[in-house]
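# Fold the following and give me the result.
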Amino acid sequence: MTMQRESAWPMVSVADAQTLITAISATPLTSEQIAPHQAAGRIIATTITATTAMPSEPRSTVDGYAVRSSDGTMPRQVIAELTAGNNLAVTLGAGQAVRIMTGAPLPRGADAAIMVERTREVDDVLTFSGEIRAGECVLPTGHDMQVGDVVMPVGAEVSPGDVGLLTSMGLRHVAVYRRPVVAVLSTGDEVYEYDEAIPYGGVRDANRHALLAAVAAAGCEGISLGIARDDAALQRTKILEGLARADVLITSGGVSMGTRDYIKPLLAELGTVQFGRIAFKPGKPTMCATVGSRIMFGLPGNPVSSLVSFEVFVRPALRRLQGDPQPHRPLVQVTLTSTINPSPDRPEYQRAIVAWHNGQLVATTTGAQGSSRLLSLRAANALLVIAPGAEPLVAGSHVAALLTGAVR
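This is a model prediction of the structure:
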């Protein structure tokens, strides 16, 4: 057997790979109608505007008394009590007051409220200290929103506070972009389920489960396709299953230059390969293809390479497909706490912990950066973008960092 010494796939830059991925994932998936209490984390697909003013009537902002400011400081006769939710119809006349609770609508004729701490009531006669101004302690009609106000634009991600807002408006449904369905397949004769006994030379399938977790964290619905042994016909069947069931298919393994690496040839047969290699570390063999309207990513078999490639290339595409107008992780400048040796020929995304120290963001790598060392991802909240070079980056140097989690 003659081994191929050079890859048939041209090497593309990180920027070119990202541009190609952006082009094929630019259009969000279709929208769907869901109840607002189920919409947290989803992306709004149709602009939501206010159809009624909120509040719909002036309301008291204090526990106290509703009054007419034009009556001045004269004592008032207390004629009723209004609580939040009480629909008692009361009209306030000259020299009258109504006990009122926070959130209750002002009675007709009232234009102000006095907090209870300023008042004294004896035998239904109210006296108080200080002056009263029109509008005092009153939430006016439309204070929170006016009819026609844009409440949430297209592309907004629904937060827990937004759920409260949408439900307070009485909306039955909101239009959101559909969550991408993502199928994940592991490949390789050496790969076994994590709960199986493994033979000499075997490895447990960490990739599929980690990628499914990453898919879920990106807001998508994951489908596990299991493990496909190194058999071209079997892998072809699994790929076709994934493409039939999902919007995006992710494989791990089988994308390098071994005699039993079938993924790239299969994708070239089934669709269009966008790129087959990236000048990038870790994850040079990462590939991307399209099969009809479906997108497929072939990620390396080494678990760190697989997850780093997911963060840099796959996750932004998944966020874009669900309508996120800002699909990329934040990119910030950090200060190194120790020396880093760059790769001589490729940009490297090193795992690190970024924290605040003396008012600046500092980064400490997670140790050895081997592409099989999952411990390098343990507690990492950033990927340091290290440009290729021959000289070490000493402590105190400034580099870019892709934040993948909360800063410590």
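# Not counting its neighbours along the chain, what's nearest N381?
G405 (3.5 Å; C-beta to C-beta, 6 or more residues apart in numbering). Heads up, the C-betas are built off the backbone N, CA and C, glycines and all.
# Pretty sure the one you found sits in a strand.
No: per DSSP: H, G, I helix; E, B strand; the rest coil, G405 lies outside any strand segment and is coil.
# ok, it touching A382?
Yes: counting by C-beta atoms under 8 Å, G405 sits close enough to A382 to count as a contact (7.5 Å).
# Next one, pLDDT for the residue nearest to N381 please.
On pLDDT, G405 comes in at 95.
# and it, what does it touch?
G405 is in contact with 380-382, counting by C-beta atoms under 8 Å, 6 or more residues apart in numbering.
# ditto for Q33
Here Q33 is in contact with 173-175 (C-beta under 8 Å, 6+ apart).
# What pLDDT is listed against the nearest residue to G72 once chain neighbours are set aside?
Nearest non-adjacent residue to G72, counting by C-beta to C-beta, 6+ apart: I132, 7.5 Å away. We note a pLDDT of 95 for I132 in this prediction.
# And I132, how close does it get to L139?
Distance from I132 to L139, counting by C-beta to C-beta, to the nearest Å: 17 Å.
# what about A390, neighbour count?
Look at A390: counted by other C-beta atoms under 10 Å, it has 7 neighbours.
# Surely it is within a helix?
No: read with three-state DSSP, A390 is coil and lies in no helix.
# Can you tell me the SS state at the closest residue to it other than its chain neighbours?
Nearest-residue entry for A390: P344, 6.2 Å, with adjacent residues in sequence omitted and distances by C-beta to C-beta, 6+ apart. The three-state label given to P344 by three-state DSSP is coil.
# Isn't P344 up against E391?
No: using C-beta under 8 Å, P344 is not in contact with E391, being 10.4 Å away.
# who does the lengthiest strand in the chain touch, helix- and strand-wise?
Longest strand in the chain by number of residues (criterion: DSSP state E): strand 348-357. Other elements packing on strand 348-357 under the criterion 3 or more C-beta pairs under 8 Å, 6 or more residues apart in numbering; DSSP states H and E are helix 303-309, strand 331-336, strand 360-365, strand 382-386, strand 398-403.
# Quick one: work out the angle between the third one and strand 382-386.
Read it as strand 360-365. 80 degrees (axes from the mean of the first three to the mean of the last three C-alpha atoms, to 10 degrees).
# what residue ranges in the stretch 101-250 of the chain score low on pLDDT?
Residues of the stretch 101-250 of the chain meeting the criterion pLDDT under 70: none.
# now the strands: where do they sit in it?
112-115, 119-122, 125-128, 138-139, 150-152, 174-177, 181-187, 191-192, 203-204, 221-228, 248-252 (DSSP state E, counting those that start in this stretch).
# hmm, who's touching the top helix by length along the chain?
Taking DSSP state H as the assignment, the helix of the chain that covers the most residues is helix 232-245. Residues outside helix 232-245 that contact it (C-beta under 8 Å, 6+ apart): 181, 183, 185, 187, 223, 225-226, 228, 249, 251, 254, 262-263, 265-267, 270, 291-292, 294, 296.
# what angle sits between it and strand 181-187?
Using the same axes, to 10 degrees: helix 232-245 against strand 181-187 is 170 degrees.
# coming back round to it: highest neighbour count among the contacts of Q33?
V174 (24 neighbours).
# Just to check, that one is in contact with V163?
No: assessed by C-beta under 8 Å, V174 is found out of contact with V163, at 9.7 Å.
# Find residues that contact each of the two.
Counting by C-beta under 8 Å, 6+ apart, the shared contacts of V174 and V163 are 36, 39.
# Give me the buried subset of the contacts of helix 232-245.
181, 183, 185, 187, 223, 225, 228, 249, 251, 254, 262-263, 266-267, 270, 291, 294, 296 (16 or more other C-beta atoms under 10 Å).
# thinking again about what came up before, most neighbours per residue, which of the strands of the stretch 101-250 of the chain?
strand 248-252 (a mean of 28; mean count of other C-beta atoms under 10 Å).
# Counting by contacts, list what that strand packs against.
Strand 248-252 packs on strand 181-187, helix 206-217, helix 232-245, strand 294-299, helix 315-321, going by 3+ C-beta pairs under 8 Å, 6+ apart.
# Apply 6 Å and report the result again.
strand 181-187, strand 294-299 (3 or more C-beta pairs under 6 Å, 6 or more residues apart in numbering; DSSP states H and E).
# how does the protein divide into domains?
11-30+178-321, 40-52+144-177, 59-139, 331-403 (automatic domain parsing).
# Point out the most buried one among the ones you listed.
Ranked by mean neighbour count under mean count of other C-beta under 10 Å, the domains of the chain are led by domain 11-30+178-321, which reaches a mean of 20.
# what's the first-to-last distance across that one?
26 Å (C-alpha to C-alpha, to the nearest Å).
# Relative to its centre, which residue of this protein is most distant?
D123 (58.7 Å; C-alpha atoms, centre = their mean).
# how close does that residue sit to P75?
With C-beta to C-beta as the criterion, D123 and P75 are 11 Å apart.
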